[in-house]
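[1] Let me see the structure of the following:
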Amino acid sequence: MTLDLAAFAKDKGIKYFMISYTDLFSGQRAKLVPAQAIAGMQEDGAGFAGFATWLDMTPAHPDLFAVPDASSVIQLPWKRDVAWVAADCMMEDKLVAQAPRNVLKKLVKEAEAAGKRVKTGVEAEFFLITADGAKISDEYDTAEKPCYDQQAVMRRYDVISEICDYMLELGWGAYQNDHEDANGQFEMNWEFDDTLKTADKHSFFKFMVKSIAEKHGLRATFMPKPFKGLTGNGCHCHISVWDNDGRINVFADREAQFGLSAEGRHFLGGIMKHASSLAAITNPTVNSYKRINAPRTTSGATWSPNTVTWTGNNRTHMVRVPGPGRFELRLPDGAVNPYLLQAVIIAAGLDGLRSRADPGPHHDIDMYAQGHLVKNAPRLPLNLLDALRAYDEDEGLKQAIGSEFSEAYLKLKHQEWNAYCSHFTQWERDSTLDI
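    Numbers count the residues shown, from 1 in each chain. Model prediction:
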């Protein structure tokens, strides 16, 4: 039974709803709708001009309507008279095929038709920086190896604990928070869930973290590599697949190597098969490739991959299997679109299941010290253009995610790359002014 948002507003004291959707570039778009008008909005959606956001549309397109999915509604714990609700984009009574949440919902249905229910958990890293974005916000956070620094995390206790309290209140099952490997960097963890629920929570988490940081006079950034020499923001994703009832983990087989069943290996095989083209989605910005192809950081390791390899419980590879019944994809970064991340995982994994893909041999070595010994593993793309070209050549993955989405995404991302290439930098002047 669909939740009545007007009744929800009356029961919870909601004055306004933020009807929100995420565009192709991860921009979070919303209209603030008074509770008195939500009944009509729940039926027909809130109107937007699609061209005004990062969607492949023109000013001549009809209105885009964001129809709220009432099952996703969240009362803002820090502003209780406002509720956030994720929306599905419609145009002329049809789903907008390129809209990220619609892309994910289509793939969720395909997985269900195959008797599979994909569940994931994300580890969204972020920096707390000064309001002007110039530097990290804690002047005393200067350790060479700052990971898990208890003094540093306690100096940001007010921010981190407030966010964690809200996640607990929302029933997300928050279970740990830590200072991460870069100065000024943090990670907060909550329980895994079905992919659509994880994507909605991931989207809301980014909104919440930024909002609470601003409340404390700070700024939060999920930018993949905001500071030279420091570890970048990853968004590692833990993946398992269950039966449609959600009771049996079909990845789990304690008799198999690493506790990963044959189906788990085939799903992983799909991830490995499409890894280079996957990067166009999981690492979607120019800056992303300063994280996955970075030189050694001040802490001693980047903690990010640059080669398509997998392993057991070893964090130097693109995929690790930390325990029975799941694996961790370490490729995505903080710029990843919450909905497209889940969509591309399902698309690649289902292809692996259908084709009974082999993930290839695992490697137990330290890839940072001995990666040169691996001879046949592909390197990940060196830049966004290489990733876009790899995606464009991967007809199977493009069709699996959706041809209309793929066409729109490639068009806009190539425009972004061209804009980057036409931008003059100080490095160019420093390197060639006197040549």
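[2] can we go C-alpha only for contacts and neighbour counts from here?
    Will do.
[3] Hmm, residue 307 and residue 293 touching each other?
    No: Residue 293 is beyond contact range of residue 307, at 9.2 Å (criterion: Cα atoms under 8 Å).
[4] okay, the two: which has more neighbours?
    Taking other Cα atoms under 10 Å, residue 293 and residue 307 do not tie; residue 307 has more neighbours (22 against 18).
[5] how far away is the more buried one from residue 367?
    Noted for residue 307: a distance of 9 Å to residue 367, by Cα to Cα, to the nearest Å.
[6] Find residues that contact each of those two.
    In terms of Cα atoms under 8 Å, 6 or more residues apart in numbering, residue 307 and residue 367 are both contacted by the residues residue 317.
[7] Backbone torsions only: list them for residue 376.
    In terms of degrees, to the nearest 10, the main-chain angles of residue 376 are phi -110, psi 0.
[8] per-residue pLDDT, it?
    We have a pLDDT of 89 for residue 376.
[9] Show me how far the longest helix along the chain is from its chain's centre.
    Longest helix in the chain by number of residues, with DSSP state H as the criterion: helix 195-215. Distance, stretch centre to chain centre, for helix 195-215: 11 Å (Cα atoms, centre = their mean, to the nearest Å).
[10] ok, now how distant is the residue nearest to residue 190 when sequence neighbours are not counted from residue 211?
    Nearest-residue entry for residue 190: residue 174, 3.9 Å, with adjacent residues in sequence omitted and distances by Cα to Cα, 6 or more residues apart in numbering. According to Cα to Cα, residue 174 and residue 211 sit 18 Å apart.
[11] ok, now residue 172?
    The gap separating residue 172 from residue 211 is 18 Å, by Cα to Cα.
[12] Between the two ends of stretch 251-264, how far is it?
    Taking Cα to Cα, stretch 251-264 runs 4 Å from one end to the other.
[13] swap in stretch 144-158?
    Per Cα to Cα, the first residue of stretch 144-158 is 24 Å away from its last.
[14] mind starting the numbering at 536 from now?
    All set: I'll call the first residue 536, so the last point we hit is now stretch 679-693.
[15] Give me the distance from it to the chain's centre.
    24 Å.
[16] Show me which parts of it are buried, residue by residue.
    Residues 681, 682, 684, 687, 688, 691 are the ones in stretch 679-693 that count as buried (16 or more other Cα atoms under 10 Å).
[17] Spatially nearest residue to residue 591 (excluding sequence neighbours)?
    residue 943 (5.3 Å).
[18] cool, residue 760 as well?
    residue 767 (4.5 Å).
[19] Can you give me the pLDDT of the one you found?
    pLDDT at residue 767 comes out at 97.
[20] Residue 771 - that's part of a helix, no?
    No: counting by DSSP: H, G, I helix; E, B strand; the rest coil, residue 771 is not found in a helix; it is strand.
[21] so what's it up against?
    657, 658, 659, 863, 864, 865, 866, 867, 868.
[22] Look up which residues are beta-bridged to it.
    Using DSSP bridges, the bridge partners assigned to residue 771 are residue 658.
[23] Only C-alpha atoms, please: export stretch 839-852 in CSV.
    Taking Å, rounded to 0.1, in the frame of the first residue of the first chain, the C-alpha atoms of stretch 839-852 are listed here in CSV:
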residue,chain,number,x,y,z
SER,A,839,42.9,2.8,-4.7
PRO,A,840,43.4,0.4,-7.7
ASN,A,841,45.0,1.0,-11.1
THR,A,842,44.8,-2.5,-12.5
VAL,A,843,41.9,-5.0,-13.1
THR,A,844,42.8,-7.6,-10.5
TRP,A,845,41.0,-9.4,-7.6
THR,A,846,42.1,-11.1,-4.5
GLY,A,847,41.1,-12.4,-1.0
ASN,A,848,41.3,-10.1,1.9
ASN,A,849,43.9,-7.7,0.4
ARG,A,850,43.1,-4.0,-0.1
THR,A,851,45.6,-3.4,-2.9
HIS,A,852,43.4,-4.8,-5.6
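[24] so how far is that stretch from its chain's centroid?
    For stretch 839-852 - counting by Cα atoms, centre = their mean - the centre lies 19 Å from the chain centre.
[25] which outside residues touch it?
    769, 793, 807, 810-811, 826-828, 838, 853-858, 865-866, 896-899, 901-903, 912-915.
[26] still on that earlier bit, among the buried residues of stretch 679-693, pick out the one closest to residue 934, please.
    Comparing the buried residues of stretch 679-693 against residue 934 with Cα to Cα picks out residue 682 as the nearest, at 40.9 Å.
[27] which SS state does the closest residue to the closest one other than its chain neighbours fall under?
    Residue nearest to residue 682 in three dimensions, not counting chain neighbours: residue 716, with 4.1 Å by Cα to Cα, 6+ apart. Look at residue 716: counting by three-state DSSP, its state is coil.
[28] Residue 716 touches residue 766, doesn't it?
    Yes: at 6.2 Å, residue 716 and residue 766 qualify as touching, with contact defined as Cα under 8 Å.
[29] Could you name every residue contacting both of these two?
    Common neighbours of residue 716 and residue 766 (criterion: Cα under 8 Å, 6+ apart): residue 834.
[30] Dump the buried residues of stretch 679-693 into CSV; add distance to residue 919, pLDDT and secondary structure as well.
    As requested, these are exported to CSV (distance: Cα to Cα, whole Å; pLDDT from 0 to 100; DSSP: H, G, I helix; E, B strand; the rest coil):
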residue, distance to residue 919, pLDDT, secondary structure
681, 30, 97, coil
682, 29, 98, coil
684, 34, 98, coil
687, 34, 98, helix
688, 34, 98, helix
691, 34, 98, coil
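[31] how about JSON lines for these, with distance to residue 537 added?
    Below are the buried residues of stretch 679-693 laid out as JSON lines (distance: Cα to Cα, whole Å):
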{"residue": "681", "distance to residue 537": "47"}
{"residue": "682", "distance to residue 537": "44"}
{"residue": "684", "distance to residue 537": "45"}
{"residue": "687", "distance to residue 537": "45"}
{"residue": "688", "distance to residue 537": "41"}
{"residue": "691", "distance to residue 537": "40"}
